[in-house]
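Q: missing the sequence, but the structure's below:
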DNA sequence: ATCATCATATATCGGGTCGAGATATATCTG
DNA sequence: CAGATATATCTCGACCCGATATATGATGAT
């Protein structure tokens, strides 16, 4: 599942510029489970264009670079549908937070506390945005399903951190005492 | 947080060869929240070696490439501790499963069902392995904390899929009827 | 009032990383 | 006995991220 397919997916929800596609992966509904940067989006759009999977309509703007608005062609929609039928690659999670936390014994307890509190705050903010999303009613069934799964998972993660925070801090604060006894 | 730091982290749990480090990211406790391939591990170990952060002890083996066993130096432990104090990069999730599922309306309902069932089975297998892990008692507090968080999150994900599977399949099976009414 | 930062918008480049393969052999499985 | 799997190191091409360049308007800070 390379960036070209990801772009086709975004464009299937409506025409967009490269800049807007980037935003879909940064703030939009896809941001929680896929990313793409300018360095991959712009070359991908050029390739898709020359393959005839997307069409490009340049919209002149005052004193700014022309906005190139891309839209899916019938061939592009077909290509997307085919790609979606392929066996999905295994999920890949990269979490510095969990990596660092798994070495909590090397960190000052105050740092562990700060790390966890930051993360709880992040989950709570994300949940507010996801739950208060006005577009949720009009979203296609798959998108709503994925969104609600994200809410359930984030809520569990936040609650776990809230419920187990103090116990971990106590363990990394005074393990020597327990060993000495 | 590049592969060099990840290798230092693995080596802080005990000496290991490049092959064994790879396994730690493939099957071991790190596999759920970080990955690294041979193409990044071996260059990283060479760089760490020339920086004096790890030591290499070659163990001759009969009729096999010499096993190079790496271990952390004091300088390496210091470097790891410093790196762990840095602000963690934001998490990055890449899930083809969720991407594909968010376009469920383009897929045959039977395919949606198969996709979800596969994923439920994967979560259940992972949970069994994580819960039945004998090393859990001896793990440092941070690692145990992270492991239990993973269990909580995977359990929620599996339950969500089990509880909402049929509703999604119903929605993508006969949406036209609802629109027509 | 001026300076900095951010948002819009496209595009490239260096460096890091993945996945696949090359190489070599022993052991397990059918 | 053939084929798959596990051990073990290492390289290479393709791909992708993050930073940067370019250009300007709007917003915010001092």
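A: Perfect, I can see it now. Because the structure is a prediction, the values reported are computed rather than measured.
Q: and the strands in chain A?
A: A:16-17, A:54-59, A:67-72, A:92-94 (DSSP state E).
Q: what's next to the second one, contact-wise?
A: Residues outside strand A:54-59 that contact it (C-beta atoms under 8 Å, 6 or more residues apart in numbering or on different chains) are A:7-8, A:11, A:15, A:45, A:48-49, A:66-73, A:76. For every residue, glycine as well, the C-beta is placed using N, CA and C.
Q: ranges for the helices of chain A?
A: Under the criterion DSSP state H, chain A contains helices at A:3-11, A:18-26, A:38-50, A:74-85, A:96-101, A:109-131, A:141-173, A:175-180.
Q: redo these as CSV? Include mean pLDDT and mean neighbour count.
A: As requested, those are arranged in CSV below (pLDDT from 0 to 100; neighbours: other C-beta atoms under 10 Å in any protein chain shown):
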stretch, mean pLDDT, mean neighbour count
helix A:3-11, 97, 24
helix A:18-26, 95, 18
helix A:38-50, 96, 16
helix A:74-85, 96, 16
helix A:96-101, 97, 22
helix A:109-131, 95, 15
helix A:141-173, 96, 18
helix A:175-180, 55, 8
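Q: what residues are up against the residue nearest to residue A:24 when sequence neighbours are not counted?
A: Leaving out its chain neighbours, the residue that sits closest to residue A:24 by C-beta to C-beta, 6 or more residues apart in numbering or on different chains is residue A:10, at 4.9 Å. Residue A:10 is in contact with A:16, A:21, A:24, A:25, A:30, counting by C-beta under 8 Å, 6+ apart.
Q: contacting residues for the fourth one?
A: Contacts for residue A:25 were tallied using C-beta under 8 Å, 6+ apart; they are A:6, A:10, A:31, A:34, A:35, A:36.
Q: related to what we said a few turns ago, in a markdown table: the strands of chain A, plus mean pLDDT, distance to residue A:144 and mean neighbour count.
A: Shown next, in a markdown table, are the strands of chain A (pLDDT from 0 to 100; distance: least, C-beta to C-beta, whole Å; neighbours: other C-beta atoms under 10 Å in any protein chain shown):
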| stretch | mean pLDDT | distance to residue A:144 | mean neighbour count |
| --- | --- | --- | --- |
| strand A:16-17 | 94 | 21 | 19 |
| strand A:54-59 | 89 | 26 | 14 |
| strand A:67-72 | 94 | 21 | 18 |
| strand A:92-94 | 96 | 23 | 16 |
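Q: so which of those is nearest residue A:153?
A: Ranking these by proximity to residue A:153 (C-beta to C-beta) places strand A:92-94 first, at 11.7 Å.
Q: any idea how far whichever residue of chain A sits closest to DNA strand D is from residue B:70?
A: Taking C-beta to the nearest atom of the strand, DNA strand D has its nearest neighbour within chain A at residue A:39, 2.0 Å off. Separation of residue A:39 from residue B:70 (C-beta to C-beta, to the nearest Å): 33 Å.
Q: kindly state the domain boundaries assigned to chain A.
A: Domains of chain A are assigned by automatic domain parsing as A:3-84, A:96-171.
Q: indicate which one of those is closest to DNA strand C.
A: domain A:3-84 (3.0 Å).
Q: measure that closest one end to end?
A: End-to-end distance for domain A:3-84: 13 Å, by C-alpha to C-alpha, to the nearest Å.
Q: is it anywhere near DNA strand C?
A: Yes: residues of domain A:3-84 contacting DNA strand C under C-beta under 7 Å from any atom of the strand: A:17-20, A:22-23, A:37-39, A:42-43, A:45-46, A:61, A:64-69.
Q: picking that back up, widest-spaced pair of the contacts of strand A:54-59?
A: Every pair of the contacts of strand A:54-59 checked by C-beta to C-beta; the farthest is A:8 and A:66, at 22.4 Å.
Q: pull the distance from stretch A:123-132 to the chain's centre.
A: 14 Å (C-alpha atoms, centre = their mean, to the nearest Å).
Q: got the contact list for it?
A: A:32, A:147, A:150, A:151, A:154, A:155, A:157, A:158, A:161.
Q: mind doing that once more with 7 Å?
A: A:147, A:150, A:151, A:154, A:155, A:157, A:158 (C-beta atoms under 7 Å, 6 or more residues apart in numbering or on different chains).
Q: contacting residues for residue A:89?
A: Residue A:89 touches A:1, B:96, counting by C-beta under 7 Å, 6+ apart.
Q: redo that, cut-off 10 Å
A: A:1, B:94, B:95, B:96, B:97, B:99 (C-beta atoms under 10 Å, 6 or more residues apart in numbering or on different chains).
Q: TSV for the residues you listed, including distance to residue A:81?
A: Formatted as TSV, the contacts of residue A:89 follow (distance: C-beta to C-beta, whole Å):
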residue	distance to residue A:81
A:1	14
B:94	21
B:95	19
B:96	15
B:97	17
B:99	14
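Q: as TSV, these with distance to DNA strand D would be great.
A: What follows is these, written out as TSV (distance: C-beta to the nearest atom of the strand, whole Å):
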residue	distance to DNA strand D
A:1	8
B:94	8
B:95	13
B:96	11
B:97	17
B:99	13
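Q: using JSON lines, please lay out the domains of chain A together with distance to residue B:137.
A: As requested, those are exported to JSON lines (distance: least, C-beta to C-beta, whole Å):
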{"stretch": "domain A:3-84", "distance to residue B:137": "34"}
{"stretch": "domain A:96-171", "distance to residue B:137": "14"}
